[in-house]
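[1] how would this look folded up:
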Amino acid sequence: MLNLDRRWVKIVHDFWIYKSRTFTVIMAIAIGVIGVGMINTTQIILLENYLAQYRQSNPADSTIGTSRFGESFLRKIRKLPEVAAADARHIISARIKMPSGTERPVTLQAIPDFNAINVNRLVRMPGAQVPPPDEGILLERSVLVVRSDRF
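    You can find the predicted model right below:
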């Protein structure tokens, strides 16, 4: 027989007597460690993909809201030495009332030429028709996660 100190004998004895409790504690610790590992891995994967897509969109450093202006004003802005790229868009903020009665915010952007976007580019998803057909709209993929409400 092993020559163990009294406290180790007590620990082994308690583990043996309370097998189900010991098993439950070990499983809880194992599930917790696996859960933390999965969350960390998911966070790393999502951040890498998110940052790559963000950089690919050529995000705007600043956005200027103005009243209506013509193409000549946009050309002047693009000629400024401090400006690397500039685009014009008409942006409207609105709310959509869902069949359930809840309201959801929506931002509508009118883009003159989808093929000539320099700033805040759209990353095309498979199956997306870009540019959209006349009098059509192109929806951002977050619309796919509308939970229980449907358009």
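
[2] ok, Ile111 - how many residues close by?
    A total of 18 residues lie near Ile111 under the criterion other CB atoms under 10 Å. C-beta: built from backbone N, CA, C; applies to glycine.

[3] One more: Lys19?
    9.

[4] Look up how far Gln56 lies from it.
    55 Å (CB to CB, to the nearest Å).

[5] what do you get for Gly127?
    Counting by CB to CB, the separation of Gly127 from Gln56 is 19 Å.

[6] now do Gln129
    Separation of Gln129 from Gln56 (CB to CB): 20 Å.

[7] got it, and Lys97?
    Applying CB to CB, the value for Lys97 to Gln56 is 34 Å.

[8] what do you get for Ala84?
    Between Ala84 and Gln56 the computed distance is 16 Å (CB to CB).

[9] Over to Pro105?
    Pro105 is 25 Å from Gln56, by CB to CB.

[10] residue closest to the middle of this protein?
    Most central in the chain under CA atoms, centre = their mean is Tyr50, positioned 6.7 Å from the mean C-alpha point.

[11] any idea whether it is helix, strand or coil?
    Using DSSP: H, G, I helix; E, B strand; the rest coil, the secondary structure recorded for Tyr50 is helix.
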